[in-house]
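> Just the structure for this:
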Amino acid sequence: MPDYVVSKKRKKGLSKKAKFRIVLIVILAIIILFCVYYFKVVCPIVVNLSQEKVRSVATSTISSVVGDVMSDENLTYNDLVQITYSSENKVELIEVDTVQVNLLIREITEKVQSNFNTLGSEGISITLGTFTGIPFLFGLGPDVSVKLVPVGTVNTKVESSFNEAGINQTIHRLYFVVSSIIGMVLPGMTQNFTTELEVLLCESIIVGEIPSVYLQGGLI
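You can find the predicted model right below:
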């Protein structure tokens, strides 16, 4: 076989290898650019547009649980707070039933945690157009379900406040403050959102002078 024929075959073989390498480099470059675009552009946009949805779901869940528990227990202000007056119609003692309050805290915390555990099967919906990162495509296309998961534990506490309601009258309120962390699971990353909701537990108007120690520091 002539030498020039062998030389042509070798050149042809090298050309195929070079083309394969170029194609491979282009594919890798596209993948890298896509990943950079997704994590640097798309994810922040999706997170910003979705955080209110996530917090809304958490708030709705907490409000529903607190409402159901208070309705089931059928408790009033007088069931949780005992006020003792002096002969001069001054408040001597405002005592909160800590046992009952702690039972409510435990029940609400457990139910909120349980409801949050079911959020993963529901999640929230985000339109496919939002994942492009292109503003005019936001809200367009079919919905994509994004998983929500509870991160850590739910914390519940009770706070107290006093507000003047008129001459020699004070409104005393007890609040549940429920805080939690919800994670939104996106492809390749998880974004956490902290939620805190203050829900009114009960309130009453106290007639008579309230000691300043209560007005300044509350009870709980």
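
> Let me see the ranges of the helices in the chain.
3-37, 43-73, 77-80, 98-117, 119-122, 212-217 (DSSP state H).

> show me where pLDDT drops low in this structure?
1-14, 119-123, 137, 152, 211-220 (pLDDT under 70).

> before we move on, back to that, can I get the helices of the chain in TSV with distance to Ser160 and mean neighbour count?
Bear in mind the C-beta positions are built from the backbone N, C-alpha and C, glycine included. Below are the helices of the chain laid out as TSV (distance: least, Cβ to Cβ, whole Å; neighbours: other Cβ atoms under 10 Å):
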stretch	distance to Ser160	mean neighbour count
helix 3-37	51	10
helix 43-73	16	16
helix 77-80	11	14
helix 98-117	10	16
helix 119-122	31	13
helix 212-217	8	11
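
> do you know which of those lies nearest Gly133?
Among the helices of the chain, the nearest to Gly133 by Cβ to Cβ is helix 43-73 (5.5 Å).

> I'd like the distance from that closest one to the chain centre, please.
How far helix 43-73 lies from its chain's middle: 7 Å, per Cα atoms, centre = their mean, to the nearest Å.

> hang on, the earlier thing: so for Glu92, which of the helices of the chain sits nearest?
Glu92 lies closest to helix 212-217 among those, at 10.9 Å (Cβ to Cβ).

> Look up the closest residue to Ile210, ignoring the ones flanking it.
Once flanking residues are discounted, Ile210 sits nearest to Thr170: 5.0 Å by Cβ to Cβ, 6 or more residues apart in numbering.

> ok, that neighbour to Phe162 distance?
5 Å (Cβ to Cβ, to the nearest Å).

> Could you pull up the residues touching the closest residue to Tyr37 other than its chain neighbours?
Once flanking residues are discounted, Tyr37 sits nearest to Gly133: 6.9 Å by Cβ to Cβ, 6+ apart. Taking Cβ atoms under 8 Å, 6 or more residues apart in numbering, we find Gly133 in contact with Tyr37, Val41, Val42, Ile45.
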